[in-house]
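Asker: give me a model of this one.
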Amino acid sequence: MKQFEGMMMVGEVILVPDMHTRKRLMNEKADGFIALPGGFGTFEELLEIVTWAQLNIHRKPIGVLNVADYFTPLIALLETGVREGFIQPANMELIIFRSDPAELLRAMQAYRTPEGAGYNLSWGDAKGLS
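Answerer: Residues are numbered from 1 along each chain as shown. Below you'll find the model as predicted:
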């Protein structure tokens, strides 16, 4: 492990110029995504990666480890979004919520994009735009 700005880091450290580049690289390098309890940055990154799944930018599993019911209020908020018609019911299945780490990993390994989730968009033609 190496020290980086006062913190012990495990694994590779990649410095990037901005958050968009960070997220793009995470998407390119990751086989899936797991959110652990955290703050605003955790919520922002989780919801953006879910949005990317809705937009067919990726088809990777998105797991949320609900330690000590930390994410239970978020689940309730998302269910309200479904009930009120702001979130498609199938899109709730883009996120795998589990409280046990081993169960979360098993569910992520078995993940298949839910039928009817997301929007029928193709980003292949837009890759040169930026």
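Asker: so where's the longest helix in the protein?
Answerer: Using DSSP state H to define each element, the chain has its longest helix at helix 40-54.
Asker: which strands and helices sit next to it?
Answerer: On a contact count with 3 or more CB pairs under 8 Å, 6 or more residues apart in numbering; DSSP states H and E, helix 40-54 meets helix 19-29, strand 33-35, strand 62-65. Every C-beta, even on glycine, is put in place using the N, C-alpha and C of the backbone.
Asker: those: lowest mean pLDDT?
Answerer: Of all the helices and strands packed on helix 40-54, mean pLDDT reaches its minimum on helix 19-29 (a mean of 90).
Asker: could you pull out the buried residues of that one?
Answerer: Of all the residues in helix 19-29, those buried under the rule 16 or more other CB atoms under 10 Å are residue 23.
Asker: now the angle between helix 40-54 and that helix, please.
Answerer: Angle between the axes of helix 19-29 and helix 40-54 is 60 degrees (criterion: axes from the mean of the first three to the mean of the last three CA atoms, to 10 degrees).
Asker: which elements pack onto helix 19-29?
Answerer: If you count contacts as 3+ CB pairs under 8 Å, 6+ apart, helix 19-29 packs onto helix 40-54.
Asker: pull the CA atoms of the helix it packs on into PDB?
Answerer: Only the C-alpha atoms of helix 40-54 are listed here, as PDB (Å, rounded to 0.1, in the frame of the first residue of the first chain):
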ATOM      1  CA  PHE A  40     -23.100  13.100  -1.300                       C
ATOM      2  CA  GLY A  41     -20.400  11.800  -3.700                       C
ATOM      3  CA  THR A  42     -21.500   8.200  -3.200                       C
ATOM      4  CA  PHE A  43     -25.200   9.100  -3.900                       C
ATOM      5  CA  GLU A  44     -24.200  11.200  -6.900                       C
ATOM      6  CA  GLU A  45     -22.000   8.500  -8.400                       C
ATOM      7  CA  LEU A  46     -24.600   5.800  -7.700                       C
ATOM      8  CA  LEU A  47     -27.400   7.700  -9.300                       C
ATOM      9  CA  GLU A  48     -25.300   8.700 -12.300                       C
ATOM     10  CA  ILE A  49     -24.200   5.100 -13.000                       C
ATOM     11  CA  VAL A  50     -27.900   4.100 -12.800                       C
ATOM     12  CA  THR A  51     -28.800   6.800 -15.200                       C
ATOM     13  CA  TRP A  52     -26.100   5.500 -17.600                       C
ATOM     14  CA  ALA A  53     -27.700   2.100 -17.300                       C
ATOM     15  CA  GLN A  54     -31.100   3.600 -18.200                       C
END
